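Asks: What follows is a protein structure lacking sequence information:
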């Protein structure tokens, strides 16, 4: 819209001036037209060049890798593979296991993070002494490097030096005080998920708190006068107001967590017996441990497509919901 | 429908006392206007009735029930907010029917009650719009519709017209008056605008610094203000107040003459004298009680307000009927209607003469 107005404004200016410039009218009009077309692109070029260099090119290169036999163990044997990588992937049980684990890891982490984050946001939205200080402190886990948090959590779960196995045993969740949940394939995933929840709550708490603070207080007063209980106020006013923020934060966090290997890599390295391997760690080990860039790129392409599909569906749902 | 009463009501925020010693009985179906300058506690009093604030002393009762500790949702009152407080994510119909939705009334009943209220307020064509697509006046109507639909025991209005422009405000004032006639419900209305108070109220409660200054019908307050504060607050333009010094023959005026207000006697010792612009007349200088120079004239069409500079006094406003053509700088004579002079004592109370 705006671009059009600017263009037509330029044209009228031109039309008014053109009689005076009649000998050079054609060339000046042409160059002015070119200018109005290219000028905006010129201003945008630094950003565009940067985006092409750091995002678009790597994406295209990764995309081409996925159709090649590209292993650093056979550097002289890099050839086009057609769909061979994807066919291999289709029958690779490790990939399917990783995909299943990714779903568990992602939705386990996001849903617990969201519920606890929302609860924390509601608590922080009340008035209490030293509220600002506590709001700032709540953000701290987010500020700790994830690698360090991962190692710390791995130690916390360590049966020799960590307190958590003893606590879990004391409350009756495990059978022995010397058992690490990270070593049990059936429940190992809960280790990284716990670390991830601890790490991710502040994000939800702070973003949802910002949204909560934007809700006018008199709406709750009006609802109270209309006979609404606190719970009805929450479901009929708070949640509808938070919905756009919830949709966007849940979507972002889902995408981030689905390809966020830090905790898994530092705590379990995908083990034991692939029980915590997610697609992101699988790509990492395939590319940087087995040095098979071709196959790793194929897996990455599939993950990218799945995440795009997920974002597309969620945004559409949101749009339909906003309309209806 | 219900009567509402306060006895010895008080409200503190920590050590700050915002309301004290409030005693008032509001009859069933009465239109009461709480009026006063900002910070006088009128909105707080309304919020105490609503239950949005808790009282710190005394008693509020609605009907025969003491409601001190009752939640707002259990008091069965409707409130209309200055900001309208419409739910922005709900259309007009759902906004108006929200209390019924909360009460889990069935859809047909909800729709018919909302339609009825919408008809009363002329909102039929807007039922499926969101509040953001409405003008200020329409939003105000929706807020009123939401209040009507739930058939409350009483209506509370918190400066409902303050966000509207002047023309719309007069229109809505009329609508509210009609609504009160139609529903016959108890209504409590907070405003800082004394014209709204005068035009709407059965009785006005004038508040000042957390206390009730005077309660009465609009005409009571206009004709018999009990304090200087009420005398100045009610009436537009407000009453002229000048310093008074007493002599044996009455109150001395600039220029040497004296006036004897109705009910005059020697031992009243007023410190201030008050007279309304409409109770002054401009006369020939020879017949005048005192004289002064015209400074400014304001022409309203129906009336003319003349600001007269009388030596020793603040400018005195004289109201003239119609369009009177007085040039500034003209020397004018002022004559008083002695039955309409008010005397005020040092403590701000009105002095009642012997025969009034």
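Replies: Perfect, thanks for sending it. Bear in mind that the values here come from a model prediction, so they are computed numbers and not experimental data.
Asks: And residue A:304, how close does it get to residue A:82?
Replies: 20 Å (C-beta to C-beta, to the nearest Å). Quick note: C-beta positions are derived from backbone N, CA and C, even for glycine.
Asks: actually residue B:36, sorry about that
Replies: 85 Å.
Asks: With residue B:42 instead?
Replies: 82 Å.
Asks: Give me the more crowded residue out of these two.
Replies: A direct count of neighbours by other C-beta atoms under 10 Å in any protein chain shown for residue B:42 and residue A:82 places residue B:42 higher, at 27 against 11.
Asks: who are the neighbours in contact with that one?
Replies: If you count contacts by C-beta atoms under 8 Å, 6 or more residues apart in numbering or on different chains, residue B:42 has them with B:34-36, B:190, B:192, B:207.
Asks: and which of these is nearest to residue B:149?
Replies: Residue B:149 lies nearest to residue B:190 out of the contacts of residue B:42, by C-beta to C-beta, at 21.8 Å.
Asks: residues contacting the closest one?
Replies: Counting by C-beta under 8 Å, 6+ apart, residue B:190 has contacts B:33-35, B:42-43, B:45-46, B:156-159.
Asks: and the closest residue to residue B:284 other than its chain neighbours, helix, strand or coil?
Replies: Excluding the flanking residues, the one nearest residue B:284 by C-beta to C-beta, 6 or more residues apart in numbering or on different chains is residue B:333, at 5.8 Å. Residue B:333 carries the three-state label strand when classified by DSSP: H, G, I helix; E, B strand; the rest coil.
Asks: Residue B:283 is in contact with residue B:333, correct?
Replies: Yes: look at residue B:333 against residue B:283 with C-beta atoms under 8 Å: they come within range, at 4.7 Å.
Asks: what's whatever residue of the stretch 251-356 of chain B ends up closest to chain A in contact with, if anything?
Replies: Here the stretch 251-356 of chain B gets closest to chain A at one residue, residue B:348, 35.7 Å apart by C-beta to the nearest C-beta. Residue B:348 is in contact with B:227-229, counting by C-beta under 8 Å, 6+ apart.
Asks: Next one: it from residue B:225, what distance?
Replies: Distance from residue B:348 to residue B:225, by C-beta to C-beta: 11 Å.
Asks: now residue B:234
Replies: Taking C-beta to C-beta, one finds residue B:234 at 6 Å from residue B:225.
Asks: Residue 99 is in what secondary structure piece?
Replies: Using chain A. Residue A:99 belongs to helix A:93-124 when assigned by DSSP states H and E.
Asks: wrong chain, I was asking about chain B
Replies: Short version: residue B:99 belongs to helix B:98-102, going by DSSP H and E.
Asks: if we can go back for a sec, which one of the contacts of residue B:190 is nearest chain A?
Replies: residue B:156 (8.1 Å).
Asks: Which residue is the nearest non-sequential neighbour of the closest one?
Replies: Nearest non-adjacent residue to residue B:156 (C-beta to C-beta, 6+ apart): residue B:79, at 4.3 Å.
Asks: Got phi/psi on the one you found?
Replies: Dihedral pair for residue B:79: phi -130, psi 140, per degrees, to the nearest 10.
Asks: and it, what does it touch?
Replies: Taking C-beta under 8 Å, 6+ apart, we find residue B:79 in contact with A:221-222, A:225, B:46, B:50, B:52, B:147, B:155-158.
Asks: List just the nearest of these to residue B:318.
Replies: Among the contacts of residue B:79, and counting by C-beta to C-beta, the member closest to residue B:318 is residue B:157, at 35.1 Å.
Asks: Could I get the contacting residues of the closest one?
Replies: Going by C-beta under 8 Å, 6+ apart, residue B:157 touches B:79-80, B:176, B:187-191.
Asks: Residue A:233 too?
Replies: Going by C-beta under 8 Å, 6+ apart, the list of residues near residue A:233 reads A:220, A:223-224.
Asks: What about these, which one has the most neighbours?
Replies: Neighbour-wise, these (other C-beta under 10 Å) top out at residue A:223, 25 neighbours.
Asks: on that earlier part again, who has more neighbours, residue B:333 and residue B:283?
Replies: Higher neighbour count among residue B:333 and residue B:283: residue B:333, with 18 against 14, using other C-beta under 10 Å.
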